[in-house]
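>>> Predicted model and sequence follow; I will ask about them next.
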Amino acid sequence: MKPCSIPLFWKLAGRSFLILVCLAALLPPKTKGQVARQPVRARRAMVASASSFASQVGVKILQEGGNAVDAAVAVGLALAVTFPVAGNIGGGGFMLIRMADGRTTAIDYRETAPARASRDMYLDANGNPIPEKSTLGYAAVGVPGTVAGFGLALRKYGRLKWAQVVAPARRLAQEGFPVSYAFSRGLRIAERLEKFPDSRRIFHRDGNYYEEGEVFRQPELAATLARLEKRGPREFYEGETARRIAAAMAANGGYITLDDLKNYRPVEREPLRGTYRGYEIITFPPPSSGGIVLLNVLNQLEGDNLAALGAGSAEASHLLIEAMRRAFADRATLMGDPDFVKVPVAELISKDYARTRRATIDPQRATPSTDIRPGLDAPVSEAAETTHFTVVDAEGNIVTNTYTLNGPYGSGVTVPGTGILLNNEMDDFAVKPGVPNYYQLVQGEANCIAPGKRPLSSMTPTIVLKEGRPWFAIGSPGGPTIISTVVQVVINIIDHKMNLQQAIDAPRLHHQWLPDVVMWEPYGMTADTRRALEAKGHRLDIVPRYNGDAEGVMIDETGIRLGASDPRNPDALAVGY
């Protein structure tokens, strides 16, 4: 089977631009004679996202004079319309920005626990987690941060007015867009939407499911976006939208109040920086665990010649699995919201610490996860339903953004009269230390629930510099597999000399300490590699599954923008002009 890459020319705003459509669900390993997929090329700017419609919105904003931040905000708002499984204004996330003049910032607009939240709020009288309480319905919702985060980014680093970047999303919601096969199937199998009247009516048409090619309109969401367009980001937190959210919460056992919404603020943080084989890695700090784990894994692997071992070999895979096993063990105990717990960031991302962890790796045998403990003392006190997009503009400004509702379609709740799907981010806290969450992540005291606290995240928006200049930006959804996806894209490019598209297309694996199992992808390992890993003591998941949906942009040595979208998402699109 040959790789599927179809370049198309579309017209938008009177100009032509190139689109790369990823049609395959996933490419099996290439055989001799097959041609590798190439990234889409553009001279000025590039947008890569999970939705063709959102990517086109981003390019239009750039063509109208906006910069990468303007385009990123417009893309994020458009994804709330065209990719409701994860795109949102009812969730939160992380935006990593590097301006052309070298200024770099990390905008944390992660959701927060409501003021009425408490450590044991999801436990029964016997101290056990109440099934679904932290994942389904109004009680699972954290205070949304997306609109506030986008507002901060635009105000400080954008060029256009707020109304200009909201308008395209409002029009998409009002006028609608044709439903793809993947979109229609995703809605049909989303059982949680059936449990809430407004969600069932909007997304399932009360059982008359949307079919491929039908136009999907969202008039209530369009009205909400129109209010935001007219009155600005604070309307979400202090206006009619806030009042409707608070009223729905009060009527349905939720915890969020008007005061929670009014008091929400995004936070600007200093990005983490590290190196891998001489390349500078800029990534996200806590409350993301992603940046720390990314740098920790890369630091451990820096002592090995992965290029000589070969991409996808049993030997290279073994070392990657063992490095991830150790880094995720640290994640489980040592990480949380830095405003509430002391996270030993400097130690965890240091080369010396990585060497001590690497020294415990047996190159011939897997270490049982039960034998792995965090390498430091504990501090004192996201499913694939996240989405990522990357924008690079003509001036060299870069935005790489990951945001989420946590589970598929979040809590399943659509706030009556608004069209807004709400997150179920409270499950990203340690509902009970030592008990796995939705993503089977085991977490400790550092990530316990507290009012105003941000839950630990795996989101890992990342920028890589080559000789001090931006080289590529990457990120992915996928809960804890976000981190392993970004790690493997970086390794594929730096160690295995793949182009950006090849690096994203390549099969992936994942290990997160507990459960002690290697996740791998269909067509992702030869039978010989699987047998070799099992002989080393690794336990492979019985059923392979796809990991992540990476969207990235690279700048080559001539300044050409190279965009790549992930074939694991058939609706993903890289667009440049």
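Structure received. Being a predicted model, the structure only gives us computed values, none of them experimental.

>>> name the helices or strands packed onto the longest helix along the chain?
What stands out as the longest helix in the chain, according to DSSP state H, is helix 314-334. Helix 314-334 sits against helix 290-301, helix 306-309, helix 351-358, helix 481-494, strand 509-510, helix 527-535, with contacts defined as 3 or more C-beta pairs under 8 Å, 6 or more residues apart in numbering; DSSP states H and E. From N, CA and C alone the C-beta is placed, and that goes for glycine too.

>>> mean confidence for it?
Mean pLDDT, computed over helix 314-334, is 96.

>>> and for the one helix or strand F203 maps to, what are the contacting residues?
When secondary structure is defined using DSSP states H and E, the element that contains F203 is helix 197-204. Residues from elsewhere that reach helix 197-204, judged by C-beta atoms under 8 Å, 6 or more residues apart in numbering: 84, 187-188, 190, 192-194, 206, 218, 220, 409, 412-417, 419, 421.

>>> among those residues, which are in helices?
Per DSSP H, helices hold the following members of the contacts of helix 197-204: 187-188, 220.

>>> ok, the residues you listed vs G90, which is closest?
Proximity of the ones in helices among the contacts of helix 197-204 to G90 was ranked by C-beta to C-beta; the top entry is E220 with 12.9 Å.

>>> From V343, how far out is the closest one?
Taken as C-beta to C-beta, to the nearest Å, the spacing of E220 relative to V343 amounts to 40 Å.

>>> What of Y276?
Relative to V343, Y276 is positioned 21 Å away (C-beta to C-beta).

>>> Same question for the strand or helix carrying K230: list its buried residues.
Assigned by DSSP H and E, K230 falls within helix 219-231. By neighbour count, with 16 or more other C-beta atoms under 10 Å as the criterion, the buried positions of helix 219-231 are 220-229, 231.

>>> for stretch 401-419, same thing?
When burial is assessed from 16+ other C-beta under 10 Å, stretch 401-419 yields the following buried residues: 401-416, 418-419.

>>> May I have that stretch as CSV, with CA atoms only?
This file holds the C-alpha atoms of stretch 401-419, laid out as CSV (Å, rounded to 0.1, in the frame of the first residue of the first chain):
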residue,chain,number,x,y,z
ASN,A,401,-0.6,25.3,21.2
THR,A,402,-2.2,22.3,22.8
TYR,A,403,-5.6,22.5,24.5
THR,A,404,-8.2,20.1,25.6
LEU,A,405,-11.6,19.1,27.1
ASN,A,406,-9.8,16.1,28.6
GLY,A,407,-12.0,13.2,27.6
PRO,A,408,-13.9,12.8,24.3
TYR,A,409,-16.4,15.7,24.2
GLY,A,410,-15.3,16.5,27.8
SER,A,411,-17.9,16.0,30.4
GLY,A,412,-20.5,15.4,27.8
VAL,A,413,-22.3,18.5,29.0
THR,A,414,-23.4,21.3,26.7
VAL,A,415,-24.5,24.4,28.6
PRO,A,416,-28.1,25.1,27.7
GLY,A,417,-28.6,28.0,25.3
THR,A,418,-24.8,28.4,24.6
GLY,A,419,-23.6,25.5,22.5
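
>>> Contacts only, for P461.
Shown in contact with P461 (C-beta under 8 Å, 6+ apart): 94-96, 283-284, 388, 400-402, 473-475.

>>> can you tell me which of those residues lies nearest to F429?
The shortest approach to F429 among those belongs to F94, at 17.0 Å (C-beta to C-beta).

>>> hang on, isn't the closest one packed against G291?
No. Distance between F94 and G291: 9.3 Å, which falls outside the contact criterion (C-beta atoms under 8 Å).

>>> Show me whatever sits in contact with both of those two.
Looking at what touches both F94 and G291 (by C-beta under 8 Å, 6+ apart), the common residues are F284.

>>> need the contact list for T460.
Taking C-beta under 8 Å, 6+ apart, we find T460 in contact with 283-284, 288, 290-291, 293-294, 402, 475-476, 482-483, 486.

>>> and of these, the nearest to A246?
T402 (27.5 Å).

>>> Where does that closest one fall, secondary structure wise?
Taking DSSP H and E as the criterion, T402 maps to strand 398-404.

>>> same deal with F94?
Since the elements are taken from DSSP H and E, F94 ends up inside strand 92-98.

>>> If you count contacts, what does the following helix or strand past that strand end up packed against?
Under the assignment DSSP H and E, the closest C-terminal helix or strand after strand 92-98 is strand 104-109. When contacts are defined as 3+ C-beta pairs under 8 Å, 6+ apart, strand 104-109 packs onto strand 92-98, helix 146-157, strand 267-269.

>>> Which stretch among those approaches A71 most closely?
helix 146-157 (10.6 Å).

>>> Show me what the mean pLDDT comes to for that closest one.
The predicted confidence, averaged over helix 146-157, sits at 99.

>>> For the helix holding F203, which residues meet the burial criterion?
Buried residues in helix 197-204 (16+ other C-beta under 10 Å): 198-200, 202-204.

>>> F53 is in what secondary structure piece?
For F53, the element it lies in under DSSP H and E is helix 52-63.

>>> Now that helix: buried residues?
52-63.

>>> What is the nearest of these to E445?
Set against E445, the nearest of the buried residues of helix 52-63 by C-beta to C-beta is A54 (38.6 Å).

>>> Tell me how far the nearest residue to that closest one once chain neighbours are set aside lies from M459.
Closest residue to A54 apart from its sequence neighbours, by C-beta to C-beta, 6 or more residues apart in numbering: A78 at 4.0 Å. Taken as C-beta to C-beta, the spacing of A78 relative to M459 amounts to 19 Å.

>>> quick one: I292 and S350 touch, right?
No. In this structure, I292 sits apart from S350 without contact. The criterion is C-beta under 8 Å, and the distance is 10.8 Å.

>>> Show me which of those two is the more surrounded one.
I292 (28 against 16; other C-beta atoms under 10 Å).

>>> Measure how buried the nearest residue to that one once chain neighbours are set aside is and give me the count.
Across the structure, with C-beta to C-beta, 6+ apart as the measure, the residue nearest I292 apart from its sequence neighbours is L348 (5.0 Å). If you count neighbours by other C-beta under 10 Å, L348 ends up with 27.
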